[in-house]
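1. Give me the fold of what follows.
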Amino acid sequence: MNWLTWTVKNLNRNRRRTFLTLSSVAASLFLLGTLGAAYHFINSPTEADATQLLLMVSPRASLNMTMPLWYEGRIRTLPGVDAVSPFGYFPGHYGKDDTLIPALAVDPAKTFKLLPDWRAPEDEVQAFLSERTAAVVGQSLARKYGWKIGDRIHLNSTQFDGLSLELTVRAIYTSVNDESAIAMHWDYLNEVLGRTNQTSQFWVRAHSADVVSHLTQAIDATFHDAPVETRTATVKQAMLNFLAGLGDVKLMLLAVSAGVGFAVLLVVANTMGMFIRERTGGIATLGALGFRAAHIVGVLAGEAVLMALAGAALGLGAAAGLARVVSGLSVGGLMPAHLALGGAMAGMLVAVALAVAVASTLVPACRAAKLNIAEALRYVG
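-> Modelled structure (predicted):
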């Protein structure tokens with residue numbers, strides 16, 4: 001009988017405990033892997049994604065302030081600018097559905113320049129450009145609500161005191177990222193909100209990744225002494241800055257990861273140790289039959305390693321699958337959530353699982369292997 005066959009037979013002695021131990025390892029690594037992928041996403045604002053070249057220009061003092069429209073002309077003259085447009089956001093709801101629909105209001109002629117990953121037939125694009133109340137809707141959103149070209153839709157918003165918009169679907173876009181947003185004419189939303197020559201933000205499309213940093217600084221420097229000073233950041237960084245206003249997101253993720261990991265792995269370690277302590281009599285019997293202590297400890301440690309590896313494969317596989325599903329969704333319809341479980345992170349988590357497995361088995365295994373048969377048979381707990 002070889003080592004692997006012996007190990008499998010031993011694990012089958014108590015299938016329920018083996019299953020629960022393996023599941024605990026898988027659950028702990030699934031949680032740690034998912035939280036780790038989220039932390040990596042938040043901690044890498046310069047990582048390339050669909051919005052890497054898209055900048056948001058907002059009032060420095062407060063997001064509740066507005067900026068004059070003549071800022072657009074000044075921004076357009078800066079080197080490295082491909083497109084610029086005033087921007088408005090309407091958090092809408094359709095019918096009785098509570099799902100938030102992000103409705104983006106921009107200059108219609110700049111919509112597909114600012115969002116080049118959006119694709120729509122040319123005739124639909126022209127129909128969108130020519131009608132003031134026209135809208136471009138994502139394919140998944142249109143499929144969800146059964147919208148078709150020419151349908152009139154009403155969006156309501158509790159944020160604007162029950163204000164509603166009436167839009168006509170003139171184009172349906174597809175995207176490799178998110179298809180759950182709506183784009184409409186900025187001047188239509190501006191008119192409904194009752195604003196004149198003012199906007200809450202500008203969106204700017206940079207020419208290339210090489211000019212993003214310089215362009216960000218140049219925009220803010222241009223309006224340093226203007227009536228409303230600006231703060232410019234990429235869409236991703238702007239969303240993270242907003243989340244930071246709710247608290248230190250990275251610190252919270254680390255704290256939750258550490259707490260969850262410690263608690264679950266402690267349970268795993270205790271379970272693995274108990275798995276061996278219950279077999280003390282059998283282990284001592286092996287010693288009495290002539291098996292060396294080193295060989296017995298190696299076999300027991302091998303059982304723990306095998307369970308740790310199997311649990312790690314299940315847990316990290318599930319975490320990678322969840323990250324793949326979440327990628328393609330977006331935060332607020334603006335920031336694609338590209339989560340990925342990197343090889344370095346996966347390797348570190350596997351190493352942690354193996355370390356916990358070996359550490360939790362060595363002490364009880366060594367103790368059991370050194371007991372004589374009489375002491376072992378009297379051993380309880």
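
2. what's the spacing between E303 and V356?
-> Plainly put, E303 is 14 Å away from V356 if you go by Cβ to Cβ, to the nearest Å. To be clear about C-beta, it is placed using only N, CA and C from the backbone, and glycine gets the same treatment.

3. okay, the two: which has more neighbours?
-> Remark: of E303 and V356, E303 carries more neighbours, 24 against 21, as counted by other Cβ atoms under 10 Å.

4. Helices of the stretch 101-250 of the chain, start to end?
-> Ranges of helices in the stretch 101-250 of the chain, per DSSP state H, counting those that start in this stretch, are 111-114, 122-130, 139-145, 186-193, 212-222, 235-244, 249-277.

5. weakest of these in terms of mean pLDDT?
-> Looking at the helices of the stretch 101-250 of the chain, the lowest mean pLDDT belongs to helix 235-244 (a mean of 64).

6. in what helix or strand does L35 lie?
-> helix 15-42 (DSSP states H and E).

7. average pLDDT across the following helix or strand past that helix?
-> Sequence order places strand 54-59 as the next helix or strand after helix 15-42, per DSSP H and E. Mean per-residue pLDDT for strand 54-59: 91.

8. ok, now how distant is A344 from V350?
-> Distance from A344 to V350, by Cβ to Cβ: 11 Å.

9. between those two, which one's more packed in?
-> Shown here are A344 and V350; by other Cβ under 10 Å, V350 has more neighbours (18 against 9).

10. and the more buried one, what helix or strand is that in?
-> For V350, the element it lies in under DSSP H and E is helix 343-370.

11. Which neighbouring elements make contact with that helix?
-> Using 3 or more Cβ pairs under 8 Å, 6 or more residues apart in numbering; DSSP states H and E, the elements in contact with helix 343-370 are helix 15-42, helix 249-277, helix 280-288, helix 293-326.

12. buried stuff in the last one?
-> Residues 296-297, 299-312, 314-320, 322-323, 326 are the ones in helix 293-326 that count as buried (16 or more other Cβ atoms under 10 Å).

13. Compute the number of surrounding residues for the residue nearest to N190 when sequence neighbours are not counted.
-> Leaving aside its sequence neighbours, N190 sits nearest to G88 (Cβ to Cβ, 6 or more residues apart in numbering; 6.6 Å). A total of 22 residues lie near G88 under the criterion other Cβ under 10 Å.

14. again, but for V256
-> V256 has 15 neighbouring residues, counting by other Cβ under 10 Å.

15. Which positions within the helix holding L35 qualify as buried?
-> For helix 15-42, by 16+ other Cβ under 10 Å, it's 18, 21-22, 24-42.

16. Tell me who's in contact with S157.
-> Counting by Cβ atoms under 8 Å, 6 or more residues apart in numbering, S157 touches F90, P91, G92, H93, L163, S164, L165.

17. Mind checking which of the residues you listed are in strands?
-> The members of the contacts of S157 that map onto strands under DSSP state E are F90, P91, G92, H93, L163, S164, L165.

18. okay if I get the residues you listed as JSON lines plus pLDDT, distance to L129 and neighbour count?
-> Formatted as JSON lines, the ones in strands among the contacts of S157 follow (pLDDT from 0 to 100; distance: Cβ to Cβ, whole Å; neighbours: other Cβ atoms under 10 Å):
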{"residue": "F90", "pLDDT": "88", "distance to L129": "19", "neighbour count": "23"}
{"residue": "P91", "pLDDT": "85", "distance to L129": "25", "neighbour count": "15"}
{"residue": "G92", "pLDDT": "85", "distance to L129": "22", "neighbour count": "23"}
{"residue": "H93", "pLDDT": "85", "distance to L129": "27", "neighbour count": "16"}
{"residue": "L163", "pLDDT": "81", "distance to L129": "25", "neighbour count": "16"}
{"residue": "S164", "pLDDT": "86", "distance to L129": "24", "neighbour count": "13"}
{"residue": "L165", "pLDDT": "90", "distance to L129": "18", "neighbour count": "21"}
